[in-house]
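A.B. asks: here is my input; please provide its structure:
(2 chains)
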Amino acid sequence: MPILQIRQAIRDAMKEEMERDERVFLMGEEVGYYNGAYKCSEGLLDHFGAKRVIDTPITETGFAGIGIGAAMCGLRPIVEFMTFNFSAVAFDQILNNAAKLRHMTHGQFGVPMVFRGPNAAAHMLGSTHSQAFEHFYAHIPGLKVVAVATPYDAKGLLKTAIRDENPVLFLESELMYSVKGEVPEEEYLIPFGQADIKRPGDHVTVITWGQGVPVALKAAELAAAEDVSCEVIDLRSLRPMDEAAIIASVKKTNRAVIVYHGWPNGGVGGDIIARIQELAFDDLDAPVLRVCYEDLPMPYAENLENLILPSPERALAAIRRVTYKR
Amino acid sequence: MTQSEAAPDAASDSTVDAAYEAKLRADYDGQSREDVLRDYREMLRIRRFEEAAARAYTRGKISGFLHLYIGQEAIAIATQQVMEPGDRVVSTYRTHGFAIALGSDPKACAAELFGKAAGLVGGVGGSMHFFDKERGLWGGYAIVGNHIPVAAGHAFASQYTGDGRVTLCFMGDGAVGIGPVHEGMTMAGIMKLPIVFVVENNQYSMGTPLKRTLPVEDITARAAGYGFASDRFHVTSVQETRRRLGEAVERARKDGKPTLVELITYRFRGHSMSDPAKYRQKEEVERWRLNDPLERTLMALKTIYQVPEAELDAMDETIVAEMDGAYEFADKAPVPAPEARFENVMAEGPYYGDSATTRPAGVE
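C.D. replies: Numbering: from 1, shown residues only, chains lettered A, B, ... in the order given. Model prediction:
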């Protein structure tokens, strides 16, 4: 099976879907002649031409809105944000137009489109460029929110996102574009709302997604050295969320730790805890813990950033706490 | 220049003096009686619909915000007249006028204001969110300025699919300072989209006059920066507005060149029903009233076309009855079923948009 980087899996997904459906186009800053700020669209301009691979000026509100308006007319836009940090500029378009137009028009219009790009902290980019946006978008009815951590998942989920009839927020990771993995040559799709058990285990459920996945997997490895067996569940989609997978695992392990990028207050982590206490209250043998950003803006200085980011060591400490091994 | 001085030249009092009549005759030169009667009837339908809305609001039948278009009706009527099938109007929260002009059922419009299931959008939108896709009304946007990029997106889709349609995007003078307007226009200019941006300058951004919100009073001065054509004029009649909007629509359709049009107009009511409009003088309102396109058309019908009072009264009565009937219907119509709140949040089937070119072969 071919080994691809995540960026190549993303490119292949877009290329295949653009070949399959003429309504699909890619729009964003530097996606064309520059071949993508992170090379996710490498070669697409040459292959499809400037009609379908469209460089925009720095106008997140402008091109997010153009995508929405085009989707309402029946096209299938893929809008790339150079980073989801810039999606904040287009937040009103996503919140008030993409998410609401189907409802507000009583179904007269739909907004079938994808917003994609890297999300969360990378390395030493400072507070404005180091934020996790799934916590904002997963809050909003009318949207779907997906986060990927492997080339296989990236390709299968992006193809699903492009074919979806709803606005999909597709979250990637700048630090993980070079992560390699097997990707089948034949076509496949991964449905939304299906978590993937990235590592089976019996003692602690570790729930994660996106950039949290490698952190959780490393922590599980460290825990295994202490004879604690972790089940690492990659949610992959946060809205819809595979509640059944979470609950089934927690009923087995009776313990859960959530590892993710983003702040603790008001985020997806707290939402998962709410679901667990509601649906598996009697199965819990320990409080559910979160390993995420400290509740602080991200500093540039490397040592400070490392203190704030979720690390395998901090995740391991949480795993020890829920197993009362400390 | 004060706001009141910005009003177009008009007679000094409400009687028709010779100068006023001469101007009127010049403006209506070449217009047929039938066309002028039609324009009057269509404008009057909007006005009577909205006057009934104001009464229903006062009686507590309508909640939320209610922004009336009274004084600006000629714009919606002229717009309808320059559109071809499939052309799209994207507008603001002050949008009843476009709905009525484009042929939306006043019953559905009234029911929407009343929050009823039979409303234009099932009672989920209210006054600020009117959409009637079948008739070319593509919103209905209540966040000031955030529809400008979306409208540019419709025009982009026309360019992409070659469907030959034009998008007409309306906004108020109060919108031109907000970011999305600049970004949407920048994109439209770069991509040379088939779109007409129309600023309905009704003199006030809510309660704040133009001179306190605009660094340069002529909004069309911005057109050059986007590579648009521009036009700017007082709206005093349907026919002049039709002629000049028509040129902009033609430019969009034939040449793919956007135009920024500033229409100088006036709303006779406050910003919304909760605004008594104490920020302006009675004299200012009266001066504008002489140039109210609806009043001028009525005057033309009486003085130039010699239409008998009885005929005009009968027309008015018919319209009042139609609108009263619409509100009666709305009042009696059932509220949405409890389950209706779950509808249309997520897609339940494929969506193909409005264009044959975006539809796979064999799909109706």
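A.B. asks: confirm that residue A:246 sits in a strand.
C.D. replies: No: counting by DSSP: H, G, I helix; E, B strand; the rest coil, residue A:246 is not part of a strand but helix.
A.B. asks: and it, how many neighbours?
C.D. replies: Using other C-beta atoms under 10 Å in any protein chain shown, residue A:246 has 22 other residues around it. (C-beta placed from N, C-alpha, C; glycine too.)
A.B. asks: pretty sure it contacts residue A:234?
C.D. replies: No: Residue A:246 lies out of contact with residue A:234 (C-beta atoms under 8 Å); the separation is 11.4 Å.
A.B. asks: what touches both of those two?
C.D. replies: Both residue A:246 and residue A:234 are in contact with residue A:195, where contact means C-beta atoms under 8 Å, 6 or more residues apart in numbering or on different chains.
A.B. asks: in chain A, which helix is the longest?
C.D. replies: Scanning chain A for the helix with the most residues, using DSSP state H, yields helix A:6-20.
A.B. asks: residues in contact with it?
C.D. replies: For helix A:6-20, using C-beta under 8 Å, 6+ apart, the contacting residues are A:4, A:24-26, A:36, A:38-44, A:47-48, A:52, A:76, A:78, A:116, A:148, A:150-152, A:154-156, A:158-159, A:162-163, A:172-173, A:176-179, A:181, A:183, A:187.
A.B. asks: filter the residues you listed to keep only those in contact with chain B.
C.D. replies: Among those, proximity to chain B is found for residue A:25 (C-beta under 8 Å from any C-beta of the partner chain).
A.B. asks: please spell out the ChimeraX selection for the buried subset of the contacts of helix A:6-20.
C.D. replies: Buried residues within the contacts of helix A:6-20, by 16 or more other C-beta atoms under 10 Å in any protein chain shown, are selected in ChimeraX with:
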select /A:4,24,25,26,36,38,39,40,41,42,44,48,52,76,78,116,148,150,151,152,154,155,156,158,159,162,163,172,173,176,177,179,181,183
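A.B. asks: ok but residue A:286 is inside a helix, no?
C.D. replies: No: Residue A:286 sits outside any helix when classified using three-state DSSP, being coil.
A.B. asks: for it, what are its contacts?
C.D. replies: Residues counted as contacts of residue A:286 (C-beta under 8 Å, 6+ apart) are A:254, A:255, A:321, A:322, A:323, A:324.
A.B. asks: of these, which is the most crowded?
C.D. replies: In terms of neighbours by other C-beta under 10 Å, the contacts of residue A:286 top out with residue A:255 at 27 neighbours.
A.B. asks: ok, now how distant is that residue from residue A:247?
C.D. replies: Per C-beta to C-beta, to the nearest Å, residue A:255 is found 13 Å from residue A:247.
A.B. asks: what helix or strand is the closest residue to residue B:231 other than its chain neighbours on?
C.D. replies: The spatially closest residue to residue B:231, leaving aside those adjacent along the chain, is residue B:261, at 4.8 Å (C-beta to C-beta, 6 or more residues apart in numbering or on different chains). When elements are assigned from DSSP states H and E, residue B:261 belongs to strand B:259-264.
A.B. asks: could I get the average pLDDT for that strand?
C.D. replies: Mean pLDDT, strand B:259-264: 98.
A.B. asks: what pairs with it, parallel or antiparallel?
C.D. replies: strand B:195-201 (parallel), strand B:229-234 (parallel) (DSSP bridges).
A.B. asks: now the element after the shortest one, going C-ward?
C.D. replies: Right, strand B:229-234. Using DSSP H and E, the helix or strand that follows strand B:229-234 in sequence is helix B:238-255.
A.B. asks: cool, the longest one as well?
C.D. replies: Moving toward the C-terminus from strand B:195-201, the first helix or strand encountered (DSSP H and E) is strand B:204-205.
A.B. asks: quickly run through the sheet partners of that following strand, with directions.
C.D. replies: strand B:208-209 (antiparallel).
A.B. asks: do you know how far the closest residue to chain A within the stretch 251-364 of chain B is from residue A:293?
C.D. replies: Chain A sits closest to residue B:353 of the stretch 251-364 of chain B, with a gap of 2.0 Å, by C-beta to the nearest C-beta. Counting by C-beta to C-beta, the gap between residue B:353 and residue A:293 amounts to 40 Å.
A.B. asks: the stretch 1-150 of chain B against chain A: which residues are in contact?
C.D. replies: Taking C-beta under 8 Å from any C-beta, the part of the stretch 1-150 of chain B that reaches chain A is made up of B:120-122, B:124-125, B:129, B:131-133, B:138-141, B:143, B:146-150.
A.B. asks: picking that back up, inside helices: which ones of the contacts of helix A:6-20?
C.D. replies: A:44, A:47, A:48, A:151, A:152, A:154, A:155, A:156, A:158, A:159, A:162, A:163.
A.B. asks: show me what contacts the fourth one?
C.D. replies: To tie it back to what came earlier, the one meant is residue A:151. Applying C-beta under 8 Å, 6+ apart, the residues near residue A:151 are A:4, A:5, A:6, A:8, A:9, A:179, A:180, A:181, A:182, A:183.
A.B. asks: how many neighbouring residues does the residue nearest to residue B:175 when sequence neighbours are not counted have?
C.D. replies: Nearest non-adjacent residue to residue B:175, counting by C-beta to C-beta, 6+ apart: residue B:145, 4.3 Å away. The burial count assigned to residue B:145 is 23, neighbours taken as other C-beta under 10 Å.
A.B. asks: secondary structure class for residue B:152?
C.D. replies: helix.
A.B. asks: wait, what's in contact with residue 61?
C.D. replies: No chain specified, so I'll use chain A. A:89, A:90, A:92, A:93, B:146, B:149, B:179, B:180, B:183, B:184.
A.B. asks: hmm, no, I was thinking of chain B.
C.D. replies: Taking C-beta under 8 Å, 6+ apart as the test, what residue B:61 contacts is B:113, B:114, B:327, B:330, B:331.
A.B. asks: most neighbours out of those, which is it?
C.D. replies: Neighbour tally across these (other C-beta under 10 Å): the maximum, 28 neighbours, falls on residue B:113.
A.B. asks: re earlier: out of the ones in helices among the contacts of helix A:6-20, who's nearest chain B?
C.D. replies: Nearest to chain B among the ones in helices among the contacts of helix A:6-20, counting by C-beta to the nearest C-beta, is residue A:163 at 9.7 Å.
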